[in-house]
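**Q** Predicted model, plus sequence, below.
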Amino acid sequence: MLEKIKQLIAEIESFTTTSIEEVELFRIKHLSKKGSIAALFDDFKNVPGEQKKDIGKGLNDLKTAALNKINELKDHLCDTDQGKTGLDLTSPGDAIANGTRHPLAIVRNEILAIFNKLGFTISEGPEIEDDWHNFSALNFPEEHPARDMQDTFFIEKNPDIVLHTHTSSVQVRDMETHELPIRLVTPGRVFRNEAISARAHCIFHQIEALYIDENVSFADLKQTLTYFAKELFGAETQIRLRPSYFPFTEPSAEMDVSCSLCGGKGCNICKGTGWLEILGCGMIDPNVLELNGIDKEKYTGFALGMGIERITMLKYGINNLRLFFENDIRFLEQFTAAI
Ligand code: DAH
């Protein structure tokens with residue numbers, strides 16, 4: 001009998017489970033009225049007198065071992081809530097990796113935030129446009145060679161419906177619908193029939209800013225550009241304006257910023273010049289104001305437009321535009337900015 005008691009103690013001590021139901025079955029098996037221990041206690045009366053002491057102690061040890069085991073299992077299961085759900089709710093979870101924003105979205109948001117601080121609000125417009133909004137209202141007369149500056153994707157011909165080639169088309173819609181003064185930034189995707197290469201793509205992103213009010217001057221434009229460049233590329237950034245041509249602005253300029261990678265000393269990103277071209281701008285041509293029903297005697301305005309891909313490439317030192325469109329996770333997960 002002593003042998004049997006030892007075996008049962010060993011069995012009880014090695015018992016383990018993760019379910020509260022099994023603990024209950026274990027209790028019934030060993031500690032109920034018809035359980036294994038009660039059966040041994042029944043046999044106890046047949047034990048010869050001289051063995052009663054040892055076997056009595058063995059039986060008590062057995063009962064204690066069973067009770068301890070049950071308490072221990074119950075305590076553990078309640079602690080971890082496994083008793084209720086079958087799950088260990090205290091075990092540490094597997095962290096879910098957060099996605100990251102696309103670099104173009106990061107830079108777009110940064111640019112918009114800078115203009116928001118200057119009081120510009122966001123406006124968006126359609127990607128499919130008629131000729132009026134993409135060209136004519138922006139002072140691109142019919143047959144004007146300036147139309148060739150932008151290789152257009154036509155959806156329909158006569159009357160022409162196009163994929164807008166610049167976000168300037170949104171400015172036309174803004175001039176139609178907004179009360180003056182207007183102070184807007186227009187982010188958007190634009191389309192041009194260009195061969196895809198490391199430097200060009202047929203789809204890219206632009207942001208334009210438009211400001212029309214009484215007494216808006218070129219000095220306001222330059223001040224806005226200086227503030228913008230310093231906010232985006234750092235306080236030490238310098239700007240310079242070079243005369244240029246756009247049909248919708250007069251005078252027109254292109255803006256360069258001092259190269260943020262070499263600090264203006266000259267490197268292979270700025271091709272040794274110390275300057276990087278980042279946007280086009282100018283005073284809105286009075287013809288454009290007139291075409292859009294704005295009193296050109298009373299109001300003046302400026303506009304500026306930039307490509308987000310180009311600025312992102314310069315900011316992050318990316319040398320291949322195709323990376324933005326390939327969605328390679330190894331490229332994208334390097335951009336962890338919070339905005
Ligand atoms: N629309 C021009 C382009 O896509 C960029 C641009 C230049 C926009 C000057 C402007 C501007 O608003 O003033 O090439």
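**A** Sure, I can see it.
**Q** okay, CA-based contacts and neighbour counts for the rest of this
**A** Noted.
**Q** just checking, what packs against the host helix or strand of residue 315?
**A** Element membership for residue 315 (DSSP states H and E) is helix 308-316. In this structure, helix 308-316 packs against helix 103-117, strand 203-213, with contacts taken as 3 or more Cα pairs under 8 Å, 6 or more residues apart in numbering; DSSP states H and E.
**Q** Direction included, what does the very next helix or strand once past the first one pair against?
**A** The helix or strand immediately downstream of helix 103-117 is strand 121-122, counting by DSSP H and E. Strand pairing for strand 121-122, using DSSP bridges, gives strand 182-191 (parallel).
**Q** Closest to the centroid, which residue in this protein?
**A** residue 101 (2.4 Å; Cα atoms, centre = their mean).
**Q** Can you give me the distance of that residue to the ligand?
**A** Between residue 101 and the ligand the distance is 25 Å, computed by Cα to the nearest ligand atom, to the nearest Å.
**Q** backbone phi and psi for that residue, please?
**A** phi -70, psi 150 (degrees, to the nearest 10).
**Q** pLDDT score for it?
**A** Here, the pLDDT recorded for residue 101 equals 92.
**Q** Same question for residue 339.
**A** Note for residue 339: predicted pLDDT of 52.
**Q** How about residue 80?
**A** 58.
**Q** Do any residues in the helix holding residue 315 lie close to the ligand?
**A** No. Shown here: helix 308-316 not in contact with the ligand (Cα under 6 Å from any ligand atom), separated by at least 11.4 Å.
**Q** what does the next helix or strand after that helix contact?
**A** Downstream of helix 308-316, the first helix or strand assigned by DSSP H and E is helix 323-326. Outside helix 323-326, the residues within contact range by Cα atoms under 8 Å, 6 or more residues apart in numbering are 103, 104, 331.
**Q** my guess is residue 281 is in a strand, correct?
**A** Yes. Judged by DSSP: H, G, I helix; E, B strand; the rest coil, residue 281 forms part of a strand.
**Q** Mind jotting down where the strands sit in the stretch 151-300 of the chain?
**A** Here the stretch 151-300 of the chain has its strands, by DSSP state E, counting those that start in this stretch, at 154-156, 161-163, 182-191, 203-213, 239-246, 249-258, 275-284, 300-307.
**Q** Any chance of CSV for those, columns mean neighbour count and distance to the ligand?
**A** Shown next, in CSV, are these (neighbours: other Cα atoms under 10 Å; distance: least, Cα to the nearest ligand atom, whole Å):
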stretch, mean neighbour count, distance to the ligand
strand 154-156, 13, 16
strand 161-163, 20, 13
strand 182-191, 22, 8
strand 203-213, 21, 5
strand 239-246, 16, 6
strand 249-258, 21, 6
strand 275-284, 23, 3
strand 300-307, 23, 4
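**Q** Make JSON lines from those and add distance to residue 316 and mean pLDDT to it.
**A** Output for those, formatted as JSON lines (distance: least, Cα to Cα, whole Å; pLDDT from 0 to 100):
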{"stretch": "strand 154-156", "distance to residue 316": "34", "mean pLDDT": "93"}
{"stretch": "strand 161-163", "distance to residue 316": "29", "mean pLDDT": "95"}
{"stretch": "strand 182-191", "distance to residue 316": "20", "mean pLDDT": "98"}
{"stretch": "strand 203-213", "distance to residue 316": "17", "mean pLDDT": "98"}
{"stretch": "strand 239-246", "distance to residue 316": "19", "mean pLDDT": "97"}
{"stretch": "strand 249-258", "distance to residue 316": "15", "mean pLDDT": "97"}
{"stretch": "strand 275-284", "distance to residue 316": "14", "mean pLDDT": "97"}
{"stretch": "strand 300-307", "distance to residue 316": "15", "mean pLDDT": "98"}
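**Q** The ligand contacts on the protein?
**A** Checking the chain against the ligand by Cα under 6 Å from any ligand atom, the hits are 166, 168, 208, 249, 280, 281, 282, 303, 304, 305.
**Q** Return the member of these nearest to residue 14.
**A** Of all the residues of the chain next to the ligand, residue 14 sits closest to residue 208, with 74.2 Å by Cα to Cα.
**Q** residue contacts, the nearest residue to the closest one once chain neighbours are set aside?
**A** Leaving out its chain neighbours, the residue that sits closest to residue 208 by Cα to Cα, 6 or more residues apart in numbering is residue 305, at 4.1 Å. With contact taken as Cα under 8 Å, 6+ apart, residue 305 is in contact with 167, 168, 206, 207, 208, 209, 279, 280, 281.
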